[in-house]
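Participant: Mind looking at a prediction? Sequence and model below.
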Amino acid sequence: MSGHSKFANIKHKKEKNDAAKGKIFTIIGREIAVAVKEGGPDPSHNFKLAAVIAKAKANNVPNDTIERGIKKASGDNGGANYEQLTYEGYGPGGVAIIVRALTDNKNRTAADVRSAFSKGNGNLGTSGSVSFMFDEKGQIIIDKEECEMESDDLMMAALDAGAEDFSEEEDSYEIITDPSSFDEVRKTLEEQGVAMAEASVTMIPQNYVKLSDPSDIASLEKILDLLEGSDDVQDVYHNWDEED
């Protein structure tokens, strides 16, 4: 599977989110709470928690914040019960969108998601209406400027650890894994001191859609901005080719 570079989009999103780190911390805190509740506080025996911790580190969440979140989730029996929800739909130009949310009020979340699609001239679909166009994969993005390993050494380390694919872009490397191999690959690279700009199990489009109509682009950006602005939305996946 050939890689599609996300690095420029990751940098842009992180710069945009610098003023909204509180939301990132809140989202990851909820994910930690759910992961601990489902599989316990030990990441070596809880793949889901290990994946959330990797995501937290890639988003520069401090270690003490992560540890506090785990301890709180371990001892908090009276906290909010979060429900994981997935929405699927289409934006302008046939762009497929998947929204994953973690909420303690699904009516509020459904209203927010429906409003975002409506305001951006999109349409919510039924479960499964677009997810068949994506593959669930582990994805690790590495900034070349932050990586001291040679390309060949990095590729061999990743493949030996169980990665499916390795690709090199102008300013980054992308490593793709099966979801079940993600944690082993991530841990192997982490132990070798490789800094990761992004490390998560994600939904990767099988094909990408280009938009040329400025009004379609503006409408789609409105949907994505509204979704990402919702406190309940964890992740938004789409198959819009944002590269020029």
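Facilitator: That came through fine.
Participant: bridging residues for the closest residue to Pro179 other than its chain neighbours?
Facilitator: Excluding its sequence neighbours, the residue lying closest to Pro179 (Cβ to Cβ, 6 or more residues apart in numbering) is Val201, at 5.0 Å. For every residue, glycine as well, the C-beta is placed using N, CA and C. Note on Val201: beta-bridge partners by DSSP bridges are Gly138.
Participant: oh, and call the first residue 2 from now on, that's how I've got it
Facilitator: Done: numbering now begins at 2, and the last item shifts to Val202.
Participant: what about Ala219, which SS state?
Facilitator: helix (DSSP: H, G, I helix; E, B strand; the rest coil).
Participant: any idea of the pLDDT on it?
Facilitator: On the pLDDT scale, Ala219 is placed at 96.
Participant: Count the residues that sit near it.
Facilitator: A total of 13 residues lie near Ala219 under the criterion other Cβ atoms under 10 Å.
Participant: do the same with Asn108
Facilitator: The tally of other residues near Asn108 (other Cβ under 10 Å) stands at 8.
Participant: picking up where we left off before, show the contacting residues for the residue nearest to Pro180.
Facilitator: By Cβ atoms under 8 Å, 6 or more residues apart in numbering, the residues touching Val202 are Ala52, Glu137, Lys138, Gly139, Gln140, Pro180, Phe183.
Participant: Repeat that for Ile99.
Facilitator: Going by Cβ under 8 Å, 6+ apart, Ile99 touches Thr87, Tyr88, Glu89, Val131, Ser132, Phe135, Met204, Val237, Tyr238, His239.
Participant: nearest residue to it other than its sequence neighbours?
Facilitator: Spatially, and ignoring its direct neighbours in sequence, Ile99 is nearest to Tyr238 (4.4 Å; Cβ to Cβ, 6+ apart).
Participant: I'd assumed Met134 was in contact with the one you found.
Facilitator: No: judged on Cβ atoms under 8 Å, Tyr238 makes no contact with Met134 at a distance of 10.1 Å.
Participant: higher neighbour count, the two?
Facilitator: Between Tyr238 and Met134, Tyr238 has the larger neighbour count (other Cβ under 10 Å), namely 18 against 15.
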